[in-house]
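Asks: 3D model of this:
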Amino acid sequence: MRYIVMIIATGIFLSSCKNNNLAPDVSKIPVVLSTERYEEDFFSLDSATLQEGLKKLTAKYPAFQNNFIYTILNVDPRWPADSALNYLKGFIGAYRPVFDSSQKVFADFTPYEKEIKKALQYLKYYFPDYKAPKKIITYIGPLDGFGDILDEEHFIVGLHQHLGKNFSLYGTAWVSQTYPAYITERFTPEYISVNAMKNIISDLYPEKPEDKSLLLQMVEKGKRLYLLQKLLPETQEYKLIGYTVKQLKESYSHEAAIWNLFTQNNFLQIIDNNLIKNYIGESPKTQELGESAPGNIGSFAGWQIVKKYMDKFPDTNLKALMVMDAEKLFNEAKYKP
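Replies: Reported below is the predicted structural model:
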């Protein structure tokens, strides 16, 4: 069963420019997509008749309800019924302010549905045989838990992780233990479509933890960012990799220095994943480049390598690109900023 979790949101061109001039016309490609607001039904339940209300929700959301109760809220199915109901009542009470905030931020979810629908048109253009979900389900879950999820039938959007970077509860100690400030900076509505397409890419091309060199893993990350950009050509580049506008601008300004970090220190061939994660994983900064240099800098470099390759070989289709040998791609790109 397809069940992909995008707990954190991730996001480029030097400015906030877009790539839609290079995008194909997908306006006539039919895509069916609708949204159901599960959180509105859930937080409307009457605590006096909670068990009966939950049965109605199970009928309305047969595929999602059990996942929400037992996986997202972590209710143990072995608990006595009274204990489970009391737990759910406690969650509803404690998270009422979060729900209320989501009602203000997402009074109208239509713009975000339209963004995902447009991305699905590009997806269908490039991958016509892929069976994407036709429904979005929104929900409110624990702030330090699951976020955006993809299953076989739904884009499942955790609104509690899209309430805006200044949402007060994101700065609390118990949330920041799981999601530090550089991550909650991305807990904004505009990352909904980004997360949805990142989950699609993970479904199309599951990441395989292998003992590959840093260089090869950088190229693989770069492929994913390149594909993400093709699915979201109107999205500002910095959002695709999860940087700020300033971080992206400085990364482009210091592209040669970034590449020198890897080449002059012989980092490209390291295979120790404990070291590799310093350059292609989530982190607030790249220590060797200074306090202001963002993390995940290897993915940024990998993205530029893939762009260089595609500039040289523009007739390469996305399917061929995604399965291409990473070392072959690097050698033929002849990347040298």
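
Asks: Could I get the pLDDT score of the spatially most central residue of the chain?
Replies: For the chain, Asn195 is the residue whose C-alpha lies nearest the centre (C-alpha atoms, centre = their mean; 2.7 Å). What the model reports for Asn195 is a pLDDT of 98.

Asks: Can you name every helix or strand that the helix or strand harbouring it contacts?
Replies: Using DSSP states H and E, Asn195 falls within helix 191-204. When contacts are defined as 3 or more C-beta pairs under 8 Å, 6 or more residues apart in numbering; DSSP states H and E, helix 191-204 packs onto strand 3-6, helix 110-126, strand 148-151, strand 154-158, helix 214-231, helix 238-241. Using the backbone N, CA and C atoms, a C-beta is placed for each residue, glycine as well.

Asks: most tightly surrounded among those?
Replies: When you average the neighbours per residue for each of the helices and strands packed on helix 191-204 (mean count of other C-beta atoms under 10 Å), strand 154-158 leads with a mean of 27.

Asks: Contacts made by that strand with the rest, please.
Replies: The contact list for strand 154-158, computed with C-beta atoms under 8 Å, 6 or more residues apart in numbering, reads 63-64, 112, 116, 133, 135-141, 146-150, 192, 195-196, 199.

Asks: any chance of the helices and strands packed on helix 191-204 in JSON lines, plus mean pLDDT and distance to Ser251?
Replies: Shown next, in JSON lines, are those (pLDDT from 0 to 100; distance: least, C-beta to C-beta, whole Å):
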{"stretch": "strand 3-6", "mean pLDDT": "52", "distance to Ser251": "23"}
{"stretch": "helix 110-126", "mean pLDDT": "98", "distance to Ser251": "24"}
{"stretch": "strand 148-151", "mean pLDDT": "96", "distance to Ser251": "25"}
{"stretch": "strand 154-158", "mean pLDDT": "98", "distance to Ser251": "29"}
{"stretch": "helix 214-231", "mean pLDDT": "97", "distance to Ser251": "13"}
{"stretch": "helix 238-241", "mean pLDDT": "96", "distance to Ser251": "9"}
